[in-house]
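**Student:** just to be clear, the model below is a prediction. Sequence and coordinates:
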Amino acid sequence: MSAVHTTCAYCGVGCGVEVPGRGDRSVRVKGLASHPANGGRLCVKGTHLGDTLPLKDRLLYPSIDGRDTDWDTAVELIAGRLQVALDEYGPDSIGFYLSGQLLTEDYYVANKLAKGFLGTANVDTNSRLCMSSAVAAHTRAFGEDLVPGNYDDLEQADLVVLVGSNLAWAHPVLFQRLQNARQHNPHKQLIVIDPRRTETAEAADLHLPLKPGTDGRLLNGLLAWLADRNQIDRAYIDTHTQGFDDTLAQAREHAGTDLPQLAEDCGLRLADVQSFFNTFAATEKTVTAWSMGINQSRSGVDKSQTIINLHLATGRIGKPGAAPFSITGQPNAMGGREVGGLANQLAAHRDFAPENVDAVEQFWQAKRMARQPGLKAVDLFRAAAEGRIKVLWILATNPLASMPDAPLVKKALERVETVIVSDVVQHTDTVAYADIVLPALAWGEKDGTVTNSERCLSRQRGFLIPPGQAKPDWWALARVGQSLGHTEAFAYERAADVFREHARLSTLNTDSHRQFNLTGLDSLTPADYDNLQPVQWPLSDDGEPTPRLFSDGRFATPDGKARFIPVTPEEPTESTDRLRLNTGRIRDQWHSMTRTGFAPRLTQHRRDFTLAMHPIDADRLGIAADALVRVHNEQGRFLARADLTDTVQPGQLFAPMHWNQTFASEGGVAQVIPPKVDPLAGQPESKHALVDVEPV
Ligand code: SF4
């Protein structure tokens, strides 16, 4: 039986995976040597994908109020509830909450149903929690949500600066590639900016353990320092950008020009700041990569902008080994962005400008078109808690475990009249609140496409027989669309039909400066789609991929120039008597552990839900190593085991995001994260909560 080539289920690296054959739930997978993202490498999560395929706790049948039913009954009931909500309360009473775990085809149909046929733009995604700050920053600077560089740039750079990224654990194969490149290039430098001494920081040439939230100040300080020493690229700035002088003035005002003072403000040693600035100034081939430490902030957009500003000012963009690089968390956060999975997007990188609404309305032959952006994730659940959302359809995500302010999310799920949850497992924190549960296909069963952090579109291919009555999410959404009377608009027979339509819509962009397009993929036959090889968009008129953007110095703005944006990122609230909780991933678990939590090999890495705290704080609070502690604030509370370590600084804490009510009696970090968001992106500040800790 021939091998199946597919893509890993987990992170935004998007590694290719080879499975020996079809139909076997006990397969050993291996890295796909021909895939450009990983070239055969896999991390431990990818290597043990085969351990997650058994049907333990699997959802097999649709159910209504806890009783199994059939798809016809469930679809009819959902369509009926949607119609009642439309008639009695209007389109804005309906919400969808999607996921970067969905395939692009699922995302596309959900978006089309909601924004084109139910008239609601209340369609948001857990990608809001992941990279929406970077999306907004890209759009402001480049005119479109475009990631300039690629993974090869990380290898080709002579300096890689990682800001707020524990690449070694969150994107392990990229870290492997980086380390391998360092072995071959002894001059290559790695600088890590992170309050914690992570595994990535320990591998760095220089670690800057800055005070939480001061990264924007440090990077603005670097811009001012470079300008004062004529270490910027004036010719590039004059030819390819706008707005530098105002941006520089604001950076100077924010960070000052007194280096010792800047170092003190950021909680860093002066010598380390000098070393960072000198190395950055001297190294033409620099990639600055960032992840959740920047994005999950009250000023995530502005912080992302400080990175982009630096690369525009030095002309280090669009060249081999030179780029600002946002690395996404989830396997298909990028694909969701392509089809308009965010409440402020439409489809094919279009926003809600009237001409875009008209164009998409016409393309879809929409019957009830949303004309304004909808509610972003935190606002969506707040509206639900206030009774303004009557029907909420949640697909492939567990918001009760991942959204900030879990008590508010619980109230929202209790208040919504009809909660529909599409998932693959029976027991999650969120499924417990569902009125209607739909069994979705899991990784290994479903077919479609995902796009990774470097804009590389790859196929996920099914190799297992779907169990019970589990169905693709796009199919369930389309059935509901048809049940509402939109038979033609949702007459998809296979994932390839959805993809072709998405690609066709993208080609309508070619008449403007917008760059996203999938030219040539809009006429794929089902066989072509089956054989589709990884490809980096945008595609040229003759179907050629684009590994690196902006090489010609043209950006996706009307005049082709990039925009500097003056920014003063807001820093988080400090407290002299409370501790600062930081959150993130551990190496071997994924999200709320509905998959990885059942793989024995993966649970060996960290069995307990631990709270990392400095021994000085533990001593002050009378907390012993491994003691059970309660973490609490005005939002809520959770229990964890104390891990006394100097990898966190005094006054700071770290707890992994994976534990939740299913695995920990009082839930996880979501209980105490306040719903503070970036004002532009709506991304929650999941990296910072003020809490108290006490022994239990
Ligand atoms: Fe999967 Fe990410 Fe690991 Fe690659 S690095 S195998 S995509 S989890």
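**Tutor:** Sure thing, it's come through.
**Student:** can we go C-alpha only for contacts and neighbour counts from here?
**Tutor:** Noted.
**Student:** report all helices and strands that the lengthiest helix in the chain contacts.
**Tutor:** In the chain, ranked by residue count with DSSP state H as the criterion, the top helix is helix 71-89. Judged by 3 or more C-alpha pairs under 8 Å, 6 or more residues apart in numbering; DSSP states H and E, helix 71-89 is in contact with strand 94-98, strand 391-395, helix 473-483.
**Student:** the ligand: which of those is closest?
**Tutor:** Comparing those by their distance to the ligand (C-alpha to the nearest ligand atom), the top pick is strand 94-98, with 19.9 Å.
**Student:** strands paired with the closest one, and their directions?
**Tutor:** Applying DSSP bridges, strand 94-98 is found paired with strand 123-125 (parallel), strand 391-395 (parallel).
**Student:** now render those strands as CSV, adding distance to the ligand.
**Tutor:** Converted to CSV, the strands paired with strand 94-98 look like this (distance: least, C-alpha to the nearest ligand atom, whole Å):
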stretch, distance to the ligand
strand 123-125, 20
strand 391-395, 21
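**Student:** tell me which of these sits most buried.
**Tutor:** strand 123-125 (a mean of 30; mean count of other C-alpha atoms under 10 Å).
**Student:** now the very next helix or strand once past that strand: how far from the chain's centre is it?
**Tutor:** Downstream of strand 123-125, the first helix or strand assigned by DSSP states H and E is helix 132-142. Taking the mean of its C-alpha atoms, helix 132-142 sits 13 Å from the chain's own mean (C-alpha atoms, centre = their mean, to the nearest Å).
**Student:** could I get the average pLDDT for helix 132-142?
**Tutor:** Here helix 132-142 scores 96 as its mean pLDDT.
**Student:** ok, stretch 47-60 next?
**Tutor:** Rounded mean pLDDT across stretch 47-60 is 90.
**Student:** same deal with stretch 324-339?
**Tutor:** Stretch 324-339 comes out at a mean pLDDT of 88.
**Student:** may I have the distance across it, first residue to last?
**Tutor:** Using C-alpha to C-alpha, to the nearest Å, the end-to-end distance of stretch 324-339 comes to 23 Å.
**Student:** kindly report the same for stretch 277-288.
**Tutor:** 13 Å.
**Student:** now that stretch: buried residues?
**Tutor:** 277, 280, 281, 283, 284, 285, 286, 287, 288 (16 or more other C-alpha atoms under 10 Å).
**Student:** can I get these in JSON lines including secondary structure?
**Tutor:** Below are the buried residues of stretch 277-288 laid out as JSON lines (DSSP: H, G, I helix; E, B strand; the rest coil):
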{"residue": "277", "secondary structure": "helix"}
{"residue": "280", "secondary structure": "helix"}
{"residue": "281", "secondary structure": "helix"}
{"residue": "283", "secondary structure": "coil"}
{"residue": "284", "secondary structure": "coil"}
{"residue": "285", "secondary structure": "coil"}
{"residue": "286", "secondary structure": "strand"}
{"residue": "287", "secondary structure": "strand"}
{"residue": "288", "secondary structure": "strand"}
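**Student:** show me the shaky parts of the stretch 201-350 of the chain.
**Tutor:** Within the stretch 201-350 of the chain, no stretch has pLDDT under 70.
**Student:** switch the strands paired with strand 94-98 over to a markdown table; also include distance to residue 580.
**Tutor:** Below are the strands paired with strand 94-98 laid out as a markdown table (distance: least, C-alpha to C-alpha, whole Å):
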| stretch | distance to residue 580 |
| --- | --- |
| strand 123-125 | 27 |
| strand 391-395 | 31 |
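**Student:** where do the strands sit along the stretch 501-650 of the chain?
**Tutor:** 535-536, 562-563, 579-584, 610-613, 628-632, 637-644 (DSSP state E, counting those that start in this stretch).
**Student:** so, low pLDDT: which residues of this protein?
**Tutor:** 1, 509-512, 662-664.
**Student:** can you give the domain ranges for it?
**Tutor:** Following automatic domain parsing, the chain resolves into domains at 4-52, 63-130+332-492, 139-326, 579-695.
**Student:** how about CSV for the ones you listed, with distance to residue 570 added?
**Tutor:** Listed next are the domains of the chain as CSV, based on distance: least, C-alpha to C-alpha, whole Å:
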stretch, distance to residue 570
domain 4-52, 28
domain 63-130+332-492, 18
domain 139-326, 6
domain 579-695, 10
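**Student:** the ligand contacts on the stretch 1-150 of the chain?
**Tutor:** 8, 10, 11, 13, 14, 15, 42, 43, 45, 46 (C-alpha under 6 Å from any ligand atom).
**Student:** against residue 420, how distant is residue 75?
**Tutor:** Where residue 420 is concerned, residue 75 sits at a distance of 11 Å (C-alpha to C-alpha).
**Student:** which residues of the protein lie near the ligand?
**Tutor:** Residues of the chain lying near the ligand (C-alpha under 6 Å from any ligand atom): 8, 10-11, 13-15, 42-43, 45-46, 171-173.
**Student:** show me which of the residues of the stretch 1-150 of the chain next to the ligand are buried.
**Tutor:** 8, 10, 11, 13, 14, 15, 42, 43, 45, 46.
**Student:** contact partners for the third one?
**Tutor:** When you say that, I think you mean residue 11. 170, 171, 328, 329, 330, 331 (C-alpha atoms under 8 Å, 6 or more residues apart in numbering).
**Student:** the fifth one against residue 125, yeah?
**Tutor:** No - contact status for residue 330 versus residue 125: not in contact, 11.4 Å apart, counting by C-alpha atoms under 8 Å.
**Student:** shared neighbours of those two, anything?
**Tutor:** residue 100.
**Student:** for residue 654, name its beta-bridge partners.
**Tutor:** residue 582, residue 612.
**Student:** does it really touch residue 611, like I thought?
**Tutor:** Yes - counting by C-alpha under 8 Å, residue 611 is a contact partner of residue 654 at 5.8 Å.
**Student:** next one: residue 420 from residue 71, what distance?
**Tutor:** Taking C-alpha to C-alpha, one finds residue 420 at 13 Å from residue 71.
**Student:** same deal with residue 242?
**Tutor:** 55 Å.
**Student:** check residue 456 too.
**Tutor:** 35 Å.
**Student:** what about these two, which has more around it?
**Tutor:** Neighbour totals were compared for residue 456 and residue 71, and residue 456 leads with 24 against 19 (other C-alpha atoms under 10 Å).
**Student:** chain neighbours aside, what residue packs nearest to that one?
**Tutor:** Nearest residue to residue 456, sequence neighbours excluded (C-alpha to C-alpha, 6 or more residues apart in numbering): residue 536, at 4.1 Å.
**Student:** show me the contacts for that neighbour.
**Tutor:** 454, 455, 456, 457, 545, 546, 547.
**Student:** looking at the helices and strands packed on helix 71-89, which is buried most?
**Tutor:** The most buried one of these (mean count of other C-alpha under 10 Å) is strand 94-98, showing a mean of 27.
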